[in-house]
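Trainee: Requesting a structural model of the entry that follows:
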Amino acid sequence: MIGGCYSIFHSTMQAWATDIAPEVRGTAAALFVTAAFTGGAIGTGLGALFVQRHQYGLLFLTAAALSLPVVITGAVARARYPGSILPEQVAEVAGS
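Mentor: Next up is the predicted model:
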């Protein structure tokens, strides 16, 4: 689940981070990368604790539970961004 979230959100969030405030693009990119690598390191370290104890079911349950707020927060934040378009507008843009 976390890998899926990473692969789906990485390019979207990276592009969005640089689009939000173009005047501080370097800072936004640096903060994004710092958060991505720090989160990956923490997740790997915590995941290793579950694996060492052979608690794979709990590992996957925890990963799924942690992925859900990430997906919801990312979707809501992206939808609230002024540059985003509503699902109804997608059809209009595609039809034009």
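Trainee: just the helices in the chain please.
Mentor: Taking DSSP state H, the helices of the chain run over residues 2-20, 25-52, 56-80, 87-95.
Trainee: got the angle for the second one vs helix 56-80?
Mentor: Looking back up the chat, that one is helix 25-52. 160 degrees (axes from the mean of the first three to the mean of the last three Cα atoms, to 10 degrees).
Trainee: what's helix 25-52 packed up against?
Mentor: helix 2-20, helix 56-80 (3 or more Cβ pairs under 8 Å, 6 or more residues apart in numbering; DSSP states H and E). The way it works is simple: take the backbone N, C-alpha and C, and place the C-beta from them, glycine included.
Trainee: Any chance of a markdown table for those helices, columns distance to Ala36, mean pLDDT and mean neighbour count?
Mentor: Converted to a markdown table, the helices and strands packed on helix 25-52 look like this (distance: least, Cβ to Cβ, whole Å; pLDDT from 0 to 100; neighbours: other Cβ atoms under 10 Å):
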| stretch | distance to Ala36 | mean pLDDT | mean neighbour count |
| --- | --- | --- | --- |
| helix 2-20 | 7 | 69 | 14 |
| helix 56-80 | 12 | 85 | 13 |
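Trainee: Dump those to TSV, plus distance to Thr34.
Mentor: Below are the helices and strands packed on helix 25-52 laid out as TSV (distance: least, Cβ to Cβ, whole Å):
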stretch	distance to Thr34
helix 2-20	11
helix 56-80	17
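Trainee: Which among these is found nearest to Gly26?
Mentor: Closest to Gly26 of these, according to Cβ to Cβ: helix 2-20, at 9.0 Å.
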